[in-house]
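Q: Have a look; sequence and predicted model below, questions after that.
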Amino acid sequence: MAMISSPDWLRKTSPGKSLTRFATDARGTITIESLIVLPMYLSWFILTFFLFDLYRVAYHNEKAAYTIADLISRQGNAEPIDQDFVTGVHTVYDYMLQNRGDTWIRVTSFSYDGINDEYVLHGSLGSGVGPYGDGDLEALRDRLPLMGNAASFVLVETRSGGNRTFPGHDGVFNTFTPVRPRFVTAIPVDGPLTAFP
């Protein structure tokens, strides 16, 4: 009966020596390490471009919203903010954002009645979105700033984006910017001011 012989390399080395030789062999390590690490580096490199663009778009959106809010806060009470004004501000907002996707803007004038602990709506207009109604401000109570009795604010809300997405983000940016009027007690929106509390 003939015995099957094993190859020389298998007969001459013990398993311990084979493992030691395999562990100390450095042939081909750069190729293997490159195959493992290169996809991670490329993914990280591409992700940094996405993150940079995401923060750039968010920054421009916030900057445009604050600019619009500052413009509105400097309005006087000689003539109220009407629909034409809000539509014009919306056009300026689109220009500042270079018209990125669907946008809208809403301007709301309100004050706080500290005696009855409620917000009093003086007027609200929107371009691309509807205005607020009488009871809508109570739903925003946790987002509105703390106010003293009879203090007034103008709330400027904007929305932009939706035409491109980012990893983990839908590309829609909303802002919520309450500002105090600078030169008057309250800014009339959509008609003359109602009586203060």
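A: Arrived safely. Numbering: from 1, shown residues only.

Q: so which strand or helix has Ser124?
A: Element membership for Ser124 (DSSP states H and E) is strand 118-127.

Q: So, low pLDDT: which residues of this protein?
A: 1-15, 28, 77-78, 99-100, 162-168, 191-197 (pLDDT under 70).

Q: the helices in it, which residues?
A: Along the chain, the segments classed as helices by DSSP state H run 8-12, 15-24, 29-73, 83-96, 136-139.

Q: Quick one: list the elements packing against the fourth one.
A: When contacts are defined as 3 or more CB pairs under 8 Å, 6 or more residues apart in numbering; DSSP states H and E, helix 83-96 packs onto helix 29-73, strand 104-113, strand 118-127. Any C-beta I mention is one placed from the backbone N, CA and C, and that applies to glycine too.

Q: Now tabulate these in a markdown table and tack on mean neighbour count and distance to Tyr93.
A: Below are those laid out as a markdown table (neighbours: other CB atoms under 10 Å; distance: least, CB to CB, whole Å):
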| stretch | mean neighbour count | distance to Tyr93 |
| --- | --- | --- |
| helix 29-73 | 13 | 6 |
| strand 104-113 | 22 | 6 |
| strand 118-127 | 21 | 9 |
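
Q: Export those as a markdown table, with columns for distance to Asp136.
A: Converted to a markdown table, the helices and strands packed on helix 83-96 look like this (distance: least, CB to CB, whole Å):
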| stretch | distance to Asp136 |
| --- | --- |
| helix 29-73 | 19 |
| strand 104-113 | 9 |
| strand 118-127 | 8 |
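
Q: so which of those gets nearest Ala150?
A: Ala150 sits nearest to strand 104-113 of all these, at 6.1 Å, using CB to CB.

Q: what angle separates the closest one from helix 29-73?
A: Counting by axes from the mean of the first three to the mean of the last three CA atoms, to 10 degrees, strand 104-113 lies at 60 degrees to helix 29-73.

Q: partners of Val154 in the sheet?
A: The partner list for Val154 in beta bridges (DSSP bridges) reads Ser109, Val179.

Q: residues in contact with it?
A: Under the criterion of CB atoms under 8 Å, 6 or more residues apart in numbering, the neighbours of Val154 are 69, 72-73, 107-110, 178-181, 187, 189.

Q: Try it again at 10 Å.
A: Taking CB atoms under 10 Å, 6 or more residues apart in numbering, we find Val154 in contact with 69, 72-73, 75, 81, 107-110, 122-123, 177-181, 186-187, 189.
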